[in-house]
Each structure stands twice: as structure tokens, then as C-alpha cells.
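Participant: Sequence first, predicted model second:
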Amino acid sequence: MLDRVFALFQQVFSEEVEECDVDRIRVATCALLVEVAGADDEFSPQECEHILRVLEERFDLTQEEAEELLQVAQDSRDDSHDLWRFTSQINACCTPAEKQSIIEEIWRVVLMDGVLTGHEDHLVHKLARLLNLDHPQLIEAKMRVRSELGDAHEANG
């Protein structure tokens with residue numbers, strides 16, 4: 001009996017490791033960025049360039065690899081009925097700090113045009129809940145990104 005229980009736990013843990021495939025995390029993260037980029041019904045060239053740059057830096061990819069990942073993520077998002085598929089993958093494999101970093105990237109995409117619509121705000125809150133981040137973590141990320149973007153705008157202005 002004990003052997004069967006042990007075997008069951010081994011199977012569960014081996015499936016968990018399999019679920020933490022780096023490529024799946026990359027696709028899931030990119031899919032969330034694509035989702036928020038299109039939340040205002042416009043996926044601007046600036047948003048696309050920003051996402052590609054994030055993918056290159058975050059995942060140490062070449063431009064070509066980032067473009068391929070973006071296409072795979074867009075196709076995967078188009079084939080999905082909800083965002084849980086992506087957030088559950090991230091939840092299974094990422095630490096709270098990594099998820100906090102992802103929500104910050106989400107805020108960067110949303111806030112890069114300087115306008116926060118009600119729909120975008122609602123979507124980011126929804127994603128934070130799906131990523132098991134609490135409201136203070138969400139607001140902390142938003143304030144950090146706003147400060148960072150404000151500093152960048154002042155330096156460019």
C-alpha cells in the first residue's frame with residue numbers, strides 16, 4: 001500500500017517538473033503581455049517592440065527567437081478560451097518574486113502609452129488575482145513602474 005502511495009507522489013512530482021518547461025513559461029508570459037497590449041483594441045508597433053525587447057532580455061533570446069516566441073504566444077492566445085491556462089503554468093513554476101516581475105512587465109505594457117483605460121486596469125487586476133498576487137503587491141508594482149516611466153519621460157523630455 002505504501003509503495004502505491006509513494007509511486008503516486010512520484011508521478012505527481014514528475015508531472016510537475018514536466019509542466020515547468022521553460023518554453024511553456026516563456027509562451028505563457030508572452031501571451032499575457034500580448035493580451036494586455038491588445039486590451040485597448042490596439043497592438044501598437046511600440047508595444048510590439050517593447051514586448052520583443054522584454055523577451056530578449058528576460059529570456060536571453062535573439063531578436064529572431066523573440067519574434068518566433070511572440071508569434072507562438074499570439075497563436076496560443078488565439079487558440080485559448082481564457083487566461084487561466086497561462087497563469088496556471090506560471091503559478092506552477094514561478095516564485096512570488098518572478099510573478100511580481102511579470103506583473104510589473106504587464107504594467108509597463110499597459111502604461112507605456114501614458115493612458116490607463118478602465119478595461120486595461122480591470123484586466124491587470126484580473127491577471128494579478130489569477131497569478132495569486134494580492135492587492136498591495138499589485139499596487140506596489142504599479143507605483144514602481146509609474147515612477148520608473150515618469151523618470152524615463154522626464155529624462156527624455
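Facilitator: Structure received.

Participant: Give me the distance between the residue sitting nearest the centre point of the chain and Cys93.
Facilitator: The centroid of the chain falls nearest to Thr29 when counting by Cα atoms, centre = their mean (3.4 Å). Note on Thr29: its distance to Cys93, by Cβ to Cβ, to the nearest Å, is 10 Å. For every residue, glycine as well, the C-beta is placed using N, CA and C.

Participant: Touching the longest helix seen in the chain from outside, list them.
Facilitator: For the chain, the helix that runs over the most residues, judged by DSSP state H, is helix 135-156. With Cβ atoms under 8 Å, 6 or more residues apart in numbering as the test, helix 135-156 has contacts from 100, 103-104, 107-108, 111-112, 124-125, 128, 133.

Participant: do stretch 53-60 as well
Facilitator: With Cβ under 8 Å, 6+ apart as the criterion, stretch 53-60 contacts 22, 26, 29-30, 33, 61-63, 65-66, 69-70, 105, 108.

Participant: I'd like the next helix or strand past whichever strand or helix holds Leu52.
Facilitator: Using DSSP states H and E, Leu52 sits within helix 45-59. Next helix or strand after helix 45-59 toward the C-terminus (DSSP H and E): helix 63-79.

Participant: Just the mean pLDDT for the helix or strand that that following helix is followed by, thanks.
Facilitator: Counting by DSSP H and E, the next helix or strand C-terminal to helix 63-79 is helix 84-93. Helix 84-93 shows a mean pLDDT of 96 in the predicted model.

Participant: Okay, buried residues for whichever helix or strand comes after helix 84-93 please.
Facilitator: Note on helix 84-93: by DSSP H and E, the next helix or strand toward the C-terminus is helix 96-111. Using 16 or more other Cβ atoms under 10 Å as the test for burial, helix 96-111 gives 99-100, 102-103, 105-111.

Participant: for stretch 66-83, which positions count as buried?
Facilitator: 66, 69-70, 73-74, 76-77, 83.

Participant: same deal with stretch 116-133?
Facilitator: In stretch 116-133, counting by 16+ other Cβ under 10 Å, buried: 120, 123-124, 127-128, 130-131, 133.

Participant: try stretch 56-64
Facilitator: For stretch 56-64, the neighbour count (16+ other Cβ under 10 Å) marks 56, 58-59, 61 as buried.

Participant: any low-confidence regions in this structure?
Facilitator: Along the chain, segments meeting pLDDT under 70 span 1-19, 151-157.

Participant: Recalculate using a threshold of 50.
Facilitator: 1-2, 5-6, 8-9, 11-18, 153-157 (pLDDT under 50).
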